[in-house]
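**Student:** please work out how this folds:
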Amino acid sequence: MNVQVINSESKEMSLSMKDADIGILYVIQHELLKQSSVDFAGVIVKHPLKNEIWMRITSNSKPLGEIKKATDSAIKTSEEFKKLVSSKIQVN
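**Tutor:** Prediction:
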């Protein structure tokens, strides 16, 4: 995955990601929107043939810090889900 900052201000950040999985970004968006300091978090496929996805975050605090918190939360949730699935499914 290649990530580039398109725009970075004190309360807003826009990112461009190439060769990224939009499903993962939807999970991060969901975690961002659960935070009270985040006003807006959006993900769009900029161009499907170029495999480019854009994400924009508007926050009352530093957007990069909010992305880090949301990513950490998404990782924790994924690990809990993996443990749950592993405990219910047995592989021979």
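
**Student:** so how far is the longest strand seen in the chain off the chain centroid?
**Tutor:** Ranked by number of residues, the top strand in the chain under DSSP state E is strand 38-47. How far strand 38-47 lies from its chain's middle: 9 Å, per Cα atoms, centre = their mean, to the nearest Å.

**Student:** which strands and helices sit next to it?
**Tutor:** helix 22-34, strand 52-59 (3 or more Cβ pairs under 8 Å, 6 or more residues apart in numbering; DSSP states H and E). (Each C-beta comes from the backbone N, C-alpha and C, glycine too.)

**Student:** need those in a markdown table (columns: distance to residue 45).
**Tutor:** Shown next, in a markdown table, are these (distance: least, Cβ to Cβ, whole Å):
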| stretch | distance to residue 45 |
| --- | --- |
| helix 22-34 | 6 |
| strand 52-59 | 6 |
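
**Student:** can you list the strands that the helix or strand containing residue 4 pairs with?
**Tutor:** Here residue 4 sits within strand 2-8, counting by DSSP states H and E. Next to strand 2-8 in the sheet, as set by DSSP bridges, lie strand 12-18 (antiparallel).

**Student:** state the mean pLDDT of the partner strand.
**Tutor:** The average pLDDT within strand 12-18 is 94.

**Student:** which ones are touching the residue nearest in space to the middle of the chain?
**Tutor:** Nearest to the mean C-alpha position of the chain, by Cα atoms, centre = their mean, lies residue 28 at 2.8 Å. Residue 28 makes contact with 55, 67, 70, 71, 74, according to Cβ atoms under 8 Å, 6 or more residues apart in numbering.

**Student:** please pick the buried ones from those residues.
**Tutor:** 55, 67, 70, 74 (16 or more other Cβ atoms under 10 Å).

**Student:** closest one to residue 14 out of those residues, please.
**Tutor:** residue 55 (7.2 Å; Cβ to Cβ).
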